[in-house]
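**Q** coordinates only, no sequence provided:
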């Protein structure tokens, strides 16, 4: 409870008298930490770093060493004045610590080196693409080269021919753009669009290899989600071919791939989802995952496929409701339903999870999964009340009349009528 947390965390939040011994000790510790972890200038270390930077930039720009560019990318992540600092592998070479040591001429040479690396080298995907646990620096260097040219001099990308795009396609598909933010996502989408134009035949096989590698490693194939930017019927067919194995062995990546197929309105993906619902008795777990994929992508369109199955098979429906309730704060589903559908859902939820059986534990947000379902059931009614439409008021009136044993519904009806007056 709250008393326990106070004992644990009070030192973080309790006020400290500024002139006290405790305040002086905290200042001493803070100063010591800054001296320990702050920048430490070392002329010899900086000189060695600059020498390596110049050597690798020269070797990469002249083509003397095919490995020099990706080694240069690795080196630029380091900061000679702050060797303990860490830098994430995003797609922006210009934001790396080492970039600040390059003058204008060096930065122009860096772009030239990037073009040369892409033209003269390759990602060696046979060494890493089928193993998602490997961090391979060569494809990272290739993707950083493409991103640099796209950012700084996009006409250089136009000069890269189909053979070069096909060669570097594994790096484009594989690069983990999730950590790069919205700019990184948009840049990767633009690169995938170029790849679709230059080497569309390379994409389907590589996407399947990427999904299989992630599945084997137990990781999420999140980058395949961006292949909607280079979509084709061949890619759709290749991903549909992976559905049976994913459904049997990898529920998380099954949902990622199936959601992508549904989002792209692929007929075979949609047919799989609908057949899974129809065969709910054969494999209830796969049917639930298919239902979630449909509802997560286009809930308003596919609710009428899912809800009848929930009503026909209440035990399955209760499990699906628990799945949906885990993400109850994301109201995409509820926003997509009309007032009549919300009313039917609330009626069904109160029949399967009666409010009289609710259990709440003081001091916690949710007691367990049942608590999440309780909260989601209540949110359905809240959403209906907040609509404030004539249809919403009529539905709440009907529910109140149907369930006289639940007097709090009269209060919610008054709320709905007040919202209706407020919005008219």
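**A** Yep, that arrived. Everything quoted here is computed from the prediction, not taken from an experiment. Numbers count the residues shown, from 1 in each chain.
**Q** quick check: which ranges of the stretch 151-300 of the chain have low pLDDT?
**A** By pLDDT under 70, the weakly predicted segments of the stretch 151-300 of the chain are 179-180.
**Q** tell me the buried residues in stretch 343-350?
**A** Residues of stretch 343-350 classed as buried: 343, 345-350 (neighbour count, 16 or more other C-beta atoms under 10 Å). Glycine gets a C-beta too; all of them are placed from N, C-alpha and C.
**Q** in strands only, show me the residues you listed.
**A** The members of the buried residues of stretch 343-350 all map outside strands under DSSP state E.
**Q** please enumerate the helices of the stretch 201-350 of the chain.
**A** For the stretch 201-350 of the chain, applying DSSP state H, counting those that start in this stretch gives helices covering 203-217, 233-240, 243-249, 251-263, 267-278, 284-297, 299-312, 314-325, 332-336, 339-352.
**Q** make CSV from these and add distance to residue 400 to it.
**A** CSV is the format used below for these (distance: least, C-beta to C-beta, whole Å):
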stretch, distance to residue 400
helix 203-217, 49
helix 233-240, 47
helix 243-249, 43
helix 251-263, 37
helix 267-278, 33
helix 284-297, 28
helix 299-312, 22
helix 314-325, 22
helix 332-336, 20
helix 339-352, 11
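**Q** can you say which of these is nearest to residue 136?
**A** Closest to residue 136 of the helices of the stretch 201-350 of the chain, according to C-beta to C-beta: helix 203-217, at 11.8 Å.
**Q** re the thing from before, of the helices of the stretch 201-350 of the chain, which is nearest residue 78?
**A** With C-beta to C-beta as the criterion, residue 78 lies closest to helix 203-217 of the helices of the stretch 201-350 of the chain, at 28.0 Å.
**Q** distance to residue 90 and pLDDT for the buried residues of stretch 343-350 - can I get that in TSV?
**A** Formatted as TSV, those follow (distance: C-beta to C-beta, whole Å; pLDDT from 0 to 100):
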residue	distance to residue 90	pLDDT
343	47	97
345	42	97
346	45	97
347	49	98
348	46	98
349	43	97
350	48	97
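**Q** returning to what we had before: and the helices of the stretch 201-350 of the chain: which comes nearest residue 371?
**A** helix 314-325 (9.0 Å).
**Q** taking the mean pLDDT, what do you get for that closest one?
**A** Averaged over helix 314-325, pLDDT sits at 94.
**Q** list the buried ones in that helix?
**A** For helix 314-325, burial by neighbour count (16+ other C-beta under 10 Å) applies to 316-318, 320-325.
**Q** in a markdown table, list those along with distance to residue 279.
**A** A markdown table is the format used below for these (distance: C-beta to C-beta, whole Å):
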| residue | distance to residue 279 |
| --- | --- |
| 316 | 11 |
| 317 | 16 |
| 318 | 19 |
| 320 | 15 |
| 321 | 20 |
| 322 | 21 |
| 323 | 18 |
| 324 | 21 |
| 325 | 24 |
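**Q** closest one of the residues you listed to residue 164?
**A** The closest of the buried residues of helix 314-325, once distances to residue 164 are taken by C-beta to C-beta, is residue 323, at 44.8 Å.
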